[in-house]
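K.L.:
compute the structure for the input listed below.
(one chain, ligands or ions: 2)
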Amino acid sequence: MRLFTPEAMREADRKAVERGYPSLLLMEWAGMKAARVYLELFGKAPALVLAGKGNNGGDGLVLARHLLLEGVGVRVYAAGGQTGDALLALQALLAHGVEVGPLEEASFREGEVVVDALFGTGLKGPLTDFYAELVERVNRAGLPVLALDLPSGLPFSPHVRATATVAFAALKTPHLLQREACGKLYLAEIGLPKPLLEREDLPEVASPEALRPLLPKRPLTAHKGSVGRVGVLGGYKGEGLRYAGAPLLAALGAYRMGAGLVHLVAPEGTPLEPLEAVFHPVPSPTLPPLKAEALAVGMGGGPWGRAWALKALEARLPTVLDADALHPEVAEAYRKAGVPAVLTPHAGEAGRLLGASPEEVAKDPLTAARALAERTGLAVVLKGNPTVVAEGERLSVNPTGNPALATGGTGDVLSGAIAALLAAGLRPFDAARLGVYLHGLAGDLLAEEKGVGLLAREVAEALPRARRLLQEGRVSPAFFPR
Ligand SMILES: NC(=O)C1=CN([C@@H]2O[C@H](COP(=O)(O)OP(=O)(O)OC[C@H]3O[C@@H](n4cnc5c(N)ncnc54)[C@H](OP(=O)(O)O)[C@@H]3O)[C@@H](O)[C@H]2O)[C@H](O)CC1
Ligand SMILES: [K+]
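P.N.:
Ligands and ions are numbered 1, 2, ... in the order given. From the prediction side, this is the model:
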C-alpha cells in the first residue's frame, strides 16, 4: 500500500479516465462505501450533508442518496455550480425528491451527524472567508463528523476535525501526517484499476501483507544459537547510575522479539536482569568477547554513548544505534566502515543530526527521515506520530502505535526488538519496519486493554502476541479496507 499525495491521487484518477474507466463509477462507489461506513458508525442517526461544488461534494450527494435508500433522514446543503459527475450526482438525488438547500443556509441540529463533503484532494490553498467560517462552525457544533476523503481544509488550517474519515482509493499524506484531524480512519476501495495504485516511487504504508513474509521462520531444529543472538551495550556509571534500566529494557525487547540469547554489556552495578541474559559487567565502555549476530547500542549511555558506539563498531556486526549513541561522527564511522546500522532518533535527536529544530523535523518527518538516511547512508527510524523508516530511496510510514507508548523506556524496547530481527538475518530496512510495526501493534493491544499508563516492559511483554497476530494474519487493520 502506497501513501499518495493529493496530486498523485488526482493523477491516478485522471489515468483511470484516460483508460476509459467511467469516472462516475468511481464517484458512485466512493459515496456508496462512505454510506456503509456511516451506517456502521452512526446507525440510523439523521445526516446533515454539506457538499462543495467539486467531486468531493459529488461523493457527498451520492452518499445522501444511499443513506436515504437505507431509511436514514438526510438534510442536504450544497454549493451551487456543479458540473460533470457532481452534477449527475445532484440530479440523481433530486430525482429521489430530496430538497437541496444552499450551503449558506446550513444549520446544525442536535442528534445529527455532519457529513463533510466540502473539499477533498482538489483544495488548492487555505480556506478563507465563508468556507473558513463554515469549517469553524462545523467544529464548534459539537456533532459527530464523517469526513469524505479528507477533512475539508487539510493540509492547511482551518480544517474540519472529524470523528472519522473515509479515504477513497488510497491513503493520502494528510491522513497520516495530520491524523488527529481525521479521527478514525477508513480506507475504501472504489474500483480504481490496481496498477494505478502500484506506485513504487511513493512511500509505503507498512501493511500486514507486506510485513508478514519478513517474519523470521523458526524451524523445528532451532536452538538458542541458531535464531539470532543479540549484544546490548549501554548504560552509564558516573554521577550515580542514570537510566540503569535502559539496557535491561533493550534486552527484554530483544528476547521478546525472539532472540535466542542476549548478552548484556553494562556498567558494574547494573541490576542483573533479565535473569535470562548473559551478563558482562564492565567498568567503562568495552567490547568483551561475545557470540552475537547483532548489537543494540547506546541506551542510557549518557556521556558514554559515543564510546559505546565506537567500541561496538569493532565487532562489525549489524547494529542499532539509539539515544546517546546518536552522533554525527558515530554515524559517519559506521558508514565508512560499511557496517550495516539502524539509527533510531526521535525528532530532537534527528534535528541534532540534521542541524534542524525538532519542530521542523516533526512537521515533515518524511523529508527529514529521507534526508537523514541520505546524509548518513544508514537505515533510519524516525520515531514520532507517525514513525517513518527510511533507507536510500525507500520510505515506509508506520500505521501502528498510539500516544500510550509515550512513556520512558519504550524506545529502548524498540532498539532491542530491531536488533533481534537483525540478528535473525533481516536486512536493516526490513528489521526496522517490521520491528516498528510490531512494537506499535503491541502498544495498540495494550492501550485497548489498559488505556494510558503503560510500562515499557509491558510493551516488550506484548511483542509475542503482536507477532503471533501478524503471523496468523489476524491483525485487525488500523484502517478497515472494504
Ligand atoms: N480518488 C479518486 O479516484 C476519486 C476521487 N473523487 C473525489 O473527488 C475529490 C476531488 O475532487 P475535485 O473536484 O478535484 O476537488 P474538490 O472537490 O476537493 O474541490 C474542488 C473545488 O474546490 C475549489 N477550491 C480549491 N481550492 C479552494 C480554496 N482554497 N478555497 C475555496 N475553494 C477552493 C475549486 O474551485 P476552483 O474554482 O478553484 O476550481 C473546486 O471547485 C476527491 O477528494 C474525492 O472525494 C471522486 O469522486 C471519485 C474518484
Ligand atoms: K471532505
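
K.L.:
okay, CA-based contacts and neighbour counts for the rest of this
P.N.:
Noted.

K.L.:
where does the prediction get shaky in the stretch 151-300 of the chain?
P.N.:
241 (pLDDT under 70).

K.L.:
all helices for it, in order.
P.N.:
173-177, 179-182, 208-211, 245-256 (DSSP state H, counting those that start in this stretch).

K.L.:
got these as JSON lines, with distance to Val388 and mean neighbour count columns?
P.N.:
Shown next, in JSON lines, are the helices of the stretch 151-300 of the chain (distance: least, C-alpha to C-alpha, whole Å; neighbours: other C-alpha atoms under 10 Å):
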{"stretch": "helix 173-177", "distance to Val388": "11", "mean neighbour count": "21"}
{"stretch": "helix 179-182", "distance to Val388": "14", "mean neighbour count": "21"}
{"stretch": "helix 208-211", "distance to Val388": "15", "mean neighbour count": "15"}
{"stretch": "helix 245-256", "distance to Val388": "20", "mean neighbour count": "30"}
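
K.L.:
who wins for proximity to Arg465 among those helices?
P.N.:
helix 245-256 (9.6 Å; C-alpha to C-alpha).

K.L.:
the closest one packs against which elements?
P.N.:
strand 229-233, strand 261-267, helix 410-423, helix 456-471 (3 or more C-alpha pairs under 8 Å, 6 or more residues apart in numbering; DSSP states H and E).

K.L.:
and the angle for that helix with helix 410-423?
P.N.:
40 degrees (axes from the mean of the first three to the mean of the last three C-alpha atoms, to 10 degrees).

K.L.:
what about helix 245-256, distance to the chain center?
P.N.:
Helix 245-256 sits 23 Å away from the centroid of its parent chain (C-alpha atoms, centre = their mean, to the nearest Å).

K.L.:
give me the angle between it and strand 261-267.
P.N.:
Using the same axes, to 10 degrees, helix 245-256 lies at 170 degrees relative to strand 261-267.

K.L.:
tell me the phi and psi of the residue in the stretch 201-350 of the chain that ligand 1 sits nearest to?
P.N.:
Residue of the stretch 201-350 of the chain nearest ligand 1, by C-alpha to the nearest ligand atom: Leu202 (15.8 Å). With angles defined as degrees, to the nearest 10, Leu202 sits at phi -100, psi 160.

K.L.:
from what I can see it touches Met1, true?
P.N.:
No. With contact defined as C-alpha atoms under 8 Å, Leu202 does not reach Met1; the gap is 9.5 Å.

K.L.:
just give me how far stretch 380-390 sits from the chain centre.
P.N.:
8 Å.

K.L.:
so which bits of the chain are right by ligand 1?
P.N.:
Residues of the chain lying close to ligand 1 (C-alpha under 6 Å from any ligand atom) are 9, 13, 26-27, 53-57, 59, 119-127, 149, 168-169.

K.L.:
return the distance of Ala379 relative to Asp430.
P.N.:
The spacing between Ala379 and Asp430, counted by C-alpha to C-alpha, to the nearest Å, is 10 Å.

K.L.:
looking at those two now, which is surrounded by more residues?
P.N.:
Ala379 (29 against 21; other C-alpha atoms under 10 Å).

K.L.:
ok, now how distant is the more buried one from Ala368?
P.N.:
From Ala379 to Ala368 the distance is 13 Å (C-alpha to C-alpha).

K.L.:
now the top helix by length along the chain against helix 410-423, angle please.
P.N.:
For the chain, the longest helix by residue count, based on DSSP state H, is helix 428-450. Angle of helix 428-450 versus helix 410-423, following the same axes, to 10 degrees, is 140 degrees.

K.L.:
may I see the buried residues of helix 428-450?
P.N.:
Within helix 428-450, the residues that count as buried by 16 or more other C-alpha atoms under 10 Å are 428-447.

K.L.:
equivalent analysis for stretch 382-393, please.
P.N.:
382-392.

K.L.:
which of those residues scores worst on pLDDT?
P.N.:
Among the buried residues of stretch 382-393, Asn385 carries the weakest pLDDT, at 91.

K.L.:
and the residue of the stretch 201-350 of the chain closest to ligand 1, what is it in contact with?
P.N.:
The contact partners of Leu202, by C-alpha atoms under 8 Å, 6 or more residues apart in numbering, come to 2-4, 395.

K.L.:
circling back to that earlier point, quick one: the longest helix of the chain to chain centroid distance?
P.N.:
10 Å.

K.L.:
which helices and strands sit right next to it?
P.N.:
By 3+ C-alpha pairs under 8 Å, 6+ apart, helix 428-450 packs against strand 341-343, strand 379-382, strand 388-391, helix 410-423, helix 456-471.

K.L.:
can you check what angle separates the longest one from helix 245-256?
P.N.:
Note on geometry: by the same axes, to 10 degrees, helix 456-471 and helix 245-256 are set 20 degrees apart in direction.

K.L.:
report all helices and strands that helix 456-471 contacts.
P.N.:
Short answer (3+ C-alpha pairs under 8 Å, 6+ apart): helix 456-471 packs on helix 245-256, helix 410-423, helix 428-450.

K.L.:
to the chain's geometric centre, what's the distance from that helix?
P.N.:
17 Å.

K.L.:
tell me the mean pLDDT for it?
P.N.:
97.

K.L.:
buried set for it?
P.N.:
456-467, 469-471.

K.L.:
between those residues, which is nearest ligand 1?
P.N.:
Using C-alpha to the nearest ligand atom, the buried residues of helix 456-471 come closest to ligand 1 at Leu470, 29.1 Å.

K.L.:
quick check: the gap between the closest one and Pro464.
P.N.:
From Leu470 to Pro464 the distance is 10 Å (C-alpha to C-alpha).

K.L.:
how confident was the prediction at Leu67?
P.N.:
The predicted local confidence for Leu67 is 98.

K.L.:
sorry, back to before: can you put the helices and strands packed on helix 245-256 in a markdown table and add distance to Leu313?
P.N.:
Output for these, formatted as a markdown table (distance: least, C-alpha to C-alpha, whole Å):
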| stretch | distance to Leu313 |
| --- | --- |
| strand 229-233 | 11 |
| strand 261-267 | 14 |
| helix 410-423 | 14 |
| helix 456-471 | 26 |
